[in-house]
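Participant: Provide a 3D model corresponding to the input given below.
(chains A and B)
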Amino acid sequence: MDKHITAPLKDDEIKDLRAGDYVFITGTIYTARDAAHKRMKEALDAGKSLPFDLKGNVIYYMGPSPAREGRPIGSAGPTTASRMDRYAPELLDLGLKGMIGKGKRTQEVRDAIVRNGAVYFAAVGGAGALLSQRIKSAEVIAYDDLGAEAVRKLEVEDFPVIVVMDSEGNNLYETAVLEYRQDQ
Amino acid sequence: MRIVEVAKITENIKEMCIEANHFLSRDMEECFQRAVEQEESPLGRQVLGQLQENLEIAGRDMIPICQDTGMAVVFLEVGQDVHFEGGSVEDAVNEGVRQGYVEGFLRKSVVKDPLIRENTKDNTPAVIHYSIVPGDEVKITVAPKGFGSENMSRIFMLKPADGIEGVKEAILTAVREAGSNACPPMVVGVGIGGTFEKCAFLAKKALTRDVGVRSEIPYVKEMEEELLEKINRLGIGPGGLGGRITAMAVNINTYPTHIAGLPVAVNICCHVNRHAVRTI
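Facilitator: Numbering: from 1, shown residues only, chains lettered A, B, ... in the order given. Below you'll find the model as predicted:
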């Protein structure tokens, strides 16, 4: 079912999302991938603040290609989420409500999603050119030296994602595959 | 003997890095069209539709197909009657990659040291595979490889007793584990035989073979077709969201091996399977 939501996310809206829903996000989201997560973890361990407030927010696992002149961003599709699995539960416990990436997550992440009433979305891997057109502005707000891996604040409009893990722990990757499996 | 200026290598590689990252190769285009026609799952069709639109936008607006514009893998098949002039071939290749990635607005995804991890900022160095062949031409293949799929690739050192069934099971295991991570529908490159490193090379090279062309060895051709069918019964589907089309092709290359071994390498590639080929 197609749904339209705004980011930062609201708890009652997250509760209505179900694995398999096709969702269009409008609002503010933040990018962070491997190196930025490592730095955020170091900041937390050192008692320092993070580049943005996690509460209600969505992290998009993405490192864009450079923007051509006159455009806010280059190609901007999702990266594999599992590389951030080591960091995600702590961030979810601190208030992070949504993640956008691609691919499987660990049981620990799934548990943290359910515990905190959060959601994991997949964007279509390899659709970076299309997704870039739904990003209206992009601003590096931290870790500039990391280049593509810097933390960016994005304003998105009708950004298309699919709910993979909902707040009840349903996992589309597991259920959808079963539906089409013919090898047993 | 034919003299080839290395500047020509640089110029071609620069253009090929940009071309491969913005335009689907002809063989992949045909293969992708078939996938669109065959997919039954509604979500799978939606994903394939997005990917088709993505390809149109990439070529029209010159936005890379994928933000992971890869590490540049370059195959140089050099005719033995060629003499290079004007500098080092390796430097010329890397200069082409540097110019292509900087001037083509491609992402710089290479770190200088695997553990210290400082970005080289120009996507160099390339991974270069040279081979010496008869003739006086230079065939260049540029295959930028993203790591969403590269990370899901596997090598299995099987025992001879595992036989063909063991090989098939190893390939299916790699694809099953890759699942949604590798941006399916995938292209599966397989190497069987050789030594540890030769086998991995065979798998990588297999990905650059036209996806519409089957192996010339009858039993390998059969295996390619059988595995494609079996992979497409796994249910993974486009984007890993369930469906019939999990892979678009299985390309297998083989090589003689040792009496004690049966190496199998599976190099997984995403639905774009970027490669550009030119002969100079």
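Participant: For the rest of this, base every contact and every neighbour count on C-alpha atoms.
Facilitator: Noted.
Participant: Can you check the distance spanned by stretch B:76-96, start to finish?
Facilitator: Its start and end residues considered, stretch B:76-96 measures 13 Å (CA to CA, to the nearest Å).
Participant: Which residues does it contact?
Facilitator: Around stretch B:76-96, the neighbours that count as contacts under CA atoms under 8 Å, 6 or more residues apart in numbering or on different chains are B:1-7, B:9-14, B:124-126, B:128-141.
Participant: Figure out how far the longest strand along chain A is from the centre of its chain.
Facilitator: Looking only at chain A and at elements set by DSSP state E, the strand with the highest residue count is strand A:151-165. Remark: strand A:151-165 is offset 7 Å from the chain centroid, using CA atoms, centre = their mean, to the nearest Å.
Participant: what does stretch B:111-131 give?
Facilitator: For stretch B:111-131, the distance from its own C-alpha centre to the chain's C-alpha centre is 18 Å (CA atoms, centre = their mean).
Participant: So which bits of that stretch are buried?
Facilitator: Buried residues in stretch B:111-131, counted by 16 or more other CA atoms under 10 Å in any protein chain shown: B:Val111, B:Asn119, B:Lys121, B:Asp122, B:Asn123, B:Thr124, B:Pro125, B:Ala126, B:Ile128.
Participant: For B:Ser153, see how far away the first one is.
Facilitator: So that's B:Val111. Using CA to CA, which is the criterion applied here, B:Val111 is 20 Å from B:Ser153.
Participant: go on, the fourth one?
Facilitator: Using CA to CA, we find B:Asp122 at a distance of 25 Å from B:Ser153.
Participant: still on that earlier bit, okay, the angle between the very next helix or strand once past the longest strand of chain A and strand A:151-165?
Facilitator: Per DSSP states H and E, strand A:151-165 leads on to helix A:172-180 as the next helix or strand towards the C-terminus. Inter-element angle recorded for helix A:172-180 and strand A:151-165: 40 degrees (by axes from the mean of the first three to the mean of the last three CA atoms, to 10 degrees).
Participant: So is helix A:172-180 next to chain B?
Facilitator: Yes: on the criterion CA under 8 Å from any CA of the partner chain, helix A:172-180 is in touch with chain B at A:Leu172, A:Tyr173, A:Ala176, A:Val177, A:Leu178, A:Glu179, A:Tyr180.
Participant: Repeat that for stretch A:139-149.
Facilitator: Yes: contact of stretch A:139-149 with chain B is found when judged by CA under 8 Å from any CA, involving A:Ala148.
Participant: Next, the distance between the ends of that stretch.
Facilitator: For stretch A:139-149, the first-to-last residue distance is 13 Å (CA to CA).
Participant: Give me the contact list for the helix or strand containing A:Met99.
Facilitator: According to DSSP H and E, A:Met99 maps onto strand A:98-101. For strand A:98-101, the external contacting residues (CA under 8 Å, 6+ apart) are A:9, A:56-62, A:78-81, A:118-123, A:161.
Participant: Just the buried subset of those, please.
Facilitator: Those of these that meet the buried threshold are A:9, A:56-62, A:78-81, A:118-123, A:161, by 16+ other CA under 10 Å.
Participant: what subset of those is also close to chain B?
Facilitator: Within the buried ones among the contacts of strand A:98-101, those near chain B by CA under 8 Å from any CA are A:Thr79, A:Thr80.
Participant: Okay, and the beta partners of B:His83?
Facilitator: B:His83 forms beta bridges with B:Ile3, as assigned by DSSP bridges.
Participant: give me the number of residues near it?
Facilitator: Residues contacting B:His83 under the criterion other CA atoms under 10 Å in any protein chain shown number 14.
Participant: distance of it from chain A?
Facilitator: Relative to chain A, B:His83 is positioned 37 Å away (CA to the nearest CA, to the nearest Å).
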